[in-house]
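[1] sequence first, then the predicted structure:
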Amino acid sequence: MANPTPTPFVSQARLEGLGKWLYEQILEAASAELATVINAESTNLNAPGTAAVWQTINSVVNSAIVTALETISFLDYLEVTELPSTPAPMTWYLINVGENVYSQHLFSGGRWLNLGTTKLDLLNYWRKNELVEMTQAQLDEVIANIEATGD
């Protein structure tokens, strides 16, 4: 599959969507085994002598993470005009919603996840022409003000 132009940026929504997908994969892989370990050992995991239980739980979770990550054979992306009724597995769908701006979607768990857009919002960033020279004393004053007010 050809990659669309431009390559999508990593957005917070995209990371949250992938994190949720990975969490679901881990939960699915580990839940039965974890329930067995917890029920067999103790319901009070804070009691003395439960270090071995926690080590077992840690091992099960780590194994589930490795298993979930191994299922990611590739992550492809495809520019489309609308979301397909039968999506391809592990495919990021991009819909052009403006000049060089794409809405990003991933099908997971039987539903579509909207992962945000590739639009960059630079409104809260200073432009080069807005920067002014300042002395160390002025900079110290600004820092002290930030620390005092949290702004």
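    Received, thanks. This structure is a prediction, so every number in the text was calculated from the model and none was measured.

[2] wait, what's in contact with the closest residue to residue 82 other than its chain neighbours?
    Excluding its sequence neighbours, the residue lying closest to residue 82 (CB to CB, 6 or more residues apart in numbering) is residue 95, at 7.0 Å. Glycine gets a C-beta too; all of them are placed from N, C-alpha and C. Shown in contact with residue 95 (CB atoms under 8 Å, 6 or more residues apart in numbering): 79, 80, 81, 82, 83, 102, 103, 105.

[3] among those residues, which ones are buried?
    79, 102, 103, 105 (16 or more other CB atoms under 10 Å).

[4] residue ranges of the helices in this structure, please?
    Remark: helices assigned in the chain by DSSP state H are 12-41, 51-70, 136-149.

[5] now the weakest link among those helices, please, by mean pLDDT.
    Lowest mean pLDDT within the helices of the chain: helix 12-41, at a mean of 62.

[6] from residue 70, how far off is the residue lying closest to residue 77 once chain neighbours are set aside?
    Spatial nearest neighbour of residue 77, chain neighbours left out: residue 92 (3.6 Å); criterion: CB to CB, 6+ apart. The spacing between residue 92 and residue 70, counted by CB to CB, to the nearest Å, is 19 Å.

[7] and what of residue 132?
    Counting by CB to CB - residue 132 and residue 70 are separated by 53 Å.

[8] where does the spatially closest residue to residue 94 that is not a sequence neighbour land on pLDDT?
    Excluding its sequence neighbours, the residue lying closest to residue 94 (CB to CB, 6+ apart) is residue 102, at 4.0 Å. Residue 102 carries a pLDDT value of 91.
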